[in-house]
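[1] sequence-free structure coming up:
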């Protein structure tokens, strides 16, 4: 799996519409409306680099209300669930 974070600046009054369009795309896991330099942050997860390229450079790019993006490609993903599973190896709960 390949993961990425996309930071986006959106045209005024289009944030909700763009967020809904993004979350409907295959590979977009979550979209956050945020304060600060960017308006939306999307978390992407797809099978491989080719799928990521299609999602970012074709599908997301086709949304005209997105004015600017910055894509952060993840090298490694850490998740709470992964860490809990790793540290619970060999652990048995007492009855």
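    Happy to help now that I have it. The structure presented is a predicted model; accordingly, all values stated were derived computationally and were not measured.
[2] for the rest of this, base every contact and every neighbour count on C-alpha atoms.
    Will do.
[3] which parts of the chain are helices?
    15-23, 49-54, 80-87 (DSSP state H).
[4] okay if I get the ones you listed as TSV plus mean neighbour count and mean pLDDT?
    Below are the helices of the chain laid out as TSV (neighbours: other CA atoms under 10 Å; pLDDT from 0 to 100):
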stretch	mean neighbour count	mean pLDDT
helix 15-23	16	98
helix 49-54	14	98
helix 80-87	9	66
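[5] can you list these in a markdown table and add distance to residue 36?
    Shown next, in a markdown table, are the helices of the chain (distance: least, CA to CA, whole Å):
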| stretch | distance to residue 36 |
| --- | --- |
| helix 15-23 | 14 |
| helix 49-54 | 26 |
| helix 80-87 | 26 |
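[6] next, count neighbours for residue 59.
    14 (other CA atoms under 10 Å).
[7] tell me the pLDDT at the spatially closest residue to it that is not a sequence neighbour?
    Distance criterion CA to CA, 6 or more residues apart in numbering; nearest residue to residue 59, sequence neighbours excluded, is residue 25 at 7.9 Å. Residue 25 is assigned a predicted lDDT (pLDDT) of 98.
[8] how close does residue 25 get to residue 18?
    11 Å (CA to CA, to the nearest Å).
[9] then residue 76?
    For residue 76, the distance to residue 18 - CA to CA - is 28 Å.
[10] how close does residue 68 get to residue 59?
    For residue 68 relative to residue 59 (CA to CA), the value is 14 Å.
[11] low-scoring stretches of this structure, by residue?
    82-95 (pLDDT under 70).
[12] my read: residue 6 touches residue 68, true?
    No - counting by CA atoms under 8 Å, residue 6 stays clear of residue 68, with 10.1 Å between them.
[13] excluding residues flanking it in the chain, which one is nearest the residue most central in space within the chain?
    Nearest residue to the geometric centre of the chain (CA atoms, centre = their mean): residue 43, 0.8 Å. The shortest distance from residue 43 to any non-neighbouring residue, by CA to CA, 6+ apart, is to residue 5 (4.8 Å).
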